[in-house]
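Participant: Just need the structure, nothing else, for what follows:
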Amino acid sequence: MDIPKYIGDIHPEDYIKEMRIYCNFKQITNDDDVLKFSKLMVDSTIDFPSENIESCEDLIKELKEHITFLIFKNSSIRKLHLLKYQLERDGGDTPKFIAKFRSLCRNAEINDIDRQKHYLYYTLPNDFFRNEFIKHYDDIKTMNDLVICFERTLNEYSRFILNGSVVALKHVATGKYLTSSIKHYETGSKNQLVFCGKSLRDSNSAWTIKCLQSPEFLPYESIIYLQHNNTNNFLEICTDRHNLSPVSKLTEVSCGSNNNYSDYTWILDRSKPESKDEFLKTQDIILLRNKYPDYLTNKQKEEILGCKDIMFTVGEDEYQEVYAHSKDNIDEYDEWCIELIE
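Facilitator: So this is what the prediction gives:
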């Protein structure tokens with residue numbers, strides 16, 4: 001263990017703390033000896049009246065009055081100005097950020113809670129964080145309150161499903177995940193299968209959710225599309241061919257690369273119309289609605305994604321049928337629990 005040296009690049013209190021640890025390690029317990037080592041290891045370019053120093057507390061006071069400490073404090077303030085929080089999903093590290101923020105406040109000797117709130121506010125990554133922070137601004141009285149507010153806001157934000165997130169859709173009534181694979185229907189469109197698969201999600205039940213109307217959060221009633229991660233094809237209904245599902249003979253749902261925009265776009269609906277949630281969050285119960293022009297009737301048609309415990313076969317394998325049906329007959333078999341994967 002090397003003996004600490006003070007050159008003005010740490011807080012004087014931290015320097016004395018490190019010296020005490022070193023002396024304790026070396027079994028030096030006398031306060032006068034600790035003080036002697038502390039004075040000797042101050043860099044020779046940092047001058048102070050050593051004859052007036054009778055304790056480590058006196059030494060800390062003298063070091064704080066030296067110009068090097070002013071430089072150290074101002075540098076810490078500048079680092080606070082530059083400090084920005086990076087979300088964990090973008091590679092950030094929250095404990096390290098909080099430790100850095102608290103350390104810089106201490107090094108800059110910013111003890112006033114209003115100043116601490118000011119500096120933390122400008123580290124926040126987006127308007128959601130800033131708006132939530134402002135809601136609780138007057139309730140924050142201490143640094144611990146500040147950190148607790150930050151953590152609660154982060155937990156709330158982490159529940160949001162953002163544009164480009166990878167999600168899974170669990171069918172509420174049967175507990176199975178919306179799934180696709182490289183196999184194809186033997187009837188109808190003969191496109192890539194869509195079915196309800198296992199009770200535990202796997203790579204075939206992972207979908208990327210995208211929205212052209214929103215850069216980040218996904219508002220309810222917005223138009224989204226779901227891209228199957230393993231095959232890159234889109235969840236769709238082939239509206240121009242009126243294909244029927246294998247068993248129930250409702251509208252077939254498949255995965256494809258159809259360029260017909262209305263086929264693979266879905267409207268994000270709340271399962272409970274009275275819900276006041278504005279944006280989509282993980283574990284929300286949702287409905288997926290497709291709206292498209294019916295070329296047979298020349299009218300707009302709206303259908304809901306659904307599933308029942310109805311099985312169909314492709315080759316020798318059985319699959320649980322997924323279909324779309326008129327939005328006039330919505331029931332519990334149309335509800336999906338959306339789960340954030342990443």
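
Participant: Please work out how many residues are found near N232.
Facilitator: Using other Cβ atoms under 10 Å, N232 has 10 other residues around it. All C-beta spots, glycine's among them, are computed from the backbone N, C-alpha and C.

Participant: What of G92?
Facilitator: Neighbours of G92 under the rule other Cβ under 10 Å: 13.

Participant: Also the one 5 residues further on?
Facilitator: F97 is flanked by 17 other residues according to other Cβ under 10 Å.

Participant: pretty sure it contacts E88?
Facilitator: No - in this structure, F97 is not within contact of E88 by Cβ atoms under 8 Å, at 9.7 Å.

Participant: tell me the helices in this protein, going along the chain?
Facilitator: Along the chain, the segments classed as helices by DSSP state H run 12-25, 31-40, 56-65, 67-82, 94-107, 113-121, 127-135, 143-158, 261-264.

Participant: nearest to I46, of those helices?
Facilitator: Nearest to I46, of all the helices of the chain, is helix 67-82, at 5.8 Å by Cβ to Cβ.

Participant: And the closest one, what's buried?
Facilitator: By 16 or more other Cβ atoms under 10 Å, the buried positions in helix 67-82 come out as T68, F69, F72, K73, S76, I77, L80.

Participant: Can I get that helix in CSV, CA atoms only?
Facilitator: Extracted C-alpha coordinates of helix 67-82, given in CSV (Å, rounded to 0.1, in the frame of the first residue of the first chain):
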residue,chain,number,x,y,z
ILE,A,67,-5.4,28.3,-4.6
THR,A,68,-5.1,24.7,-5.7
PHE,A,69,-8.4,23.9,-3.8
LEU,A,70,-10.2,26.7,-5.6
ILE,A,71,-9.0,25.2,-8.9
PHE,A,72,-10.1,21.8,-7.8
LYS,A,73,-13.6,23.1,-6.8
ASN,A,74,-14.1,25.0,-10.1
SER,A,75,-13.0,22.0,-12.1
SER,A,76,-15.7,19.9,-10.2
ILE,A,77,-18.3,22.5,-11.1
ARG,A,78,-17.4,22.4,-14.7
LYS,A,79,-17.6,18.6,-14.7
LEU,A,80,-21.1,18.9,-13.1
HIS,A,81,-22.1,21.1,-16.0
LEU,A,82,-20.9,18.5,-18.5
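
Participant: Average pLDDT for it, rounded please.
Facilitator: Regarding helix 67-82, the rounded mean pLDDT is 97.

Participant: List of residues touching it?
Facilitator: Here helix 67-82 makes contact (Cβ atoms under 8 Å, 6 or more residues apart in numbering) with 7-12, 46, 63, 101, 104-105, 107-110, 119, 122.

Participant: Need the buried ones from those residues selected in ChimeraX.
Facilitator: Here is the ChimeraX command that selects the buried residues among those (16+ other Cβ under 10 Å):
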select :8,11,12,63,101,104,105,107,108,110,119
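
Participant: Strands along the stretch 101-250 of the chain, start to end?
Facilitator: 166-171, 178-184, 192-196, 207-211, 223-228, 234-236 (DSSP state E, counting those that start in this stretch).

Participant: what's across from G256 in the sheet?
Facilitator: F234 (DSSP bridges).

Participant: ok, it - contacts?
Facilitator: Per Cβ under 8 Å, 6+ apart, neighbours of G256: S189, N191, Q192, N233, F234, E236, C238, D263, Y264.

Participant: and what of I113?
Facilitator: Here I113 is in contact with I140, K141, T142, M143, D145, L146 (Cβ under 8 Å, 6+ apart).

Participant: Buried only: go through those for me.
Facilitator: Buried residues within the contacts of I113, counting neighbours by 16+ other Cβ under 10 Å: I140, M143, L146.

Participant: Excluding covalently adjacent residues, which one is nearest to Y319?
Facilitator: Excluding its sequence neighbours, the residue lying closest to Y319 (Cβ to Cβ, 6 or more residues apart in numbering) is F195, at 3.9 Å.

Participant: Test my guess that the one you found contacts Q320.
Facilitator: Yes - F195 lies in contact with Q320 (Cβ under 8 Å); the separation is 5.3 Å.

Participant: neighbour count winner among those two?
Facilitator: Neighbour totals were compared for F195 and Q320, and F195 leads with 25 against 17 (other Cβ under 10 Å).

Participant: before we move on, back to that, would JSON lines of the strands of the stretch 101-250 of the chain with distance to K39 and mean pLDDT be doable?
Facilitator: Formatted as JSON lines, the strands of the stretch 101-250 of the chain follow (distance: least, Cβ to Cβ, whole Å; pLDDT from 0 to 100):
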{"stretch": "strand 166-171", "distance to K39": "59", "mean pLDDT": "98"}
{"stretch": "strand 178-184", "distance to K39": "71", "mean pLDDT": "96"}
{"stretch": "strand 192-196", "distance to K39": "75", "mean pLDDT": "96"}
{"stretch": "strand 207-211", "distance to K39": "63", "mean pLDDT": "95"}
{"stretch": "strand 223-228", "distance to K39": "67", "mean pLDDT": "94"}
{"stretch": "strand 234-236", "distance to K39": "72", "mean pLDDT": "93"}
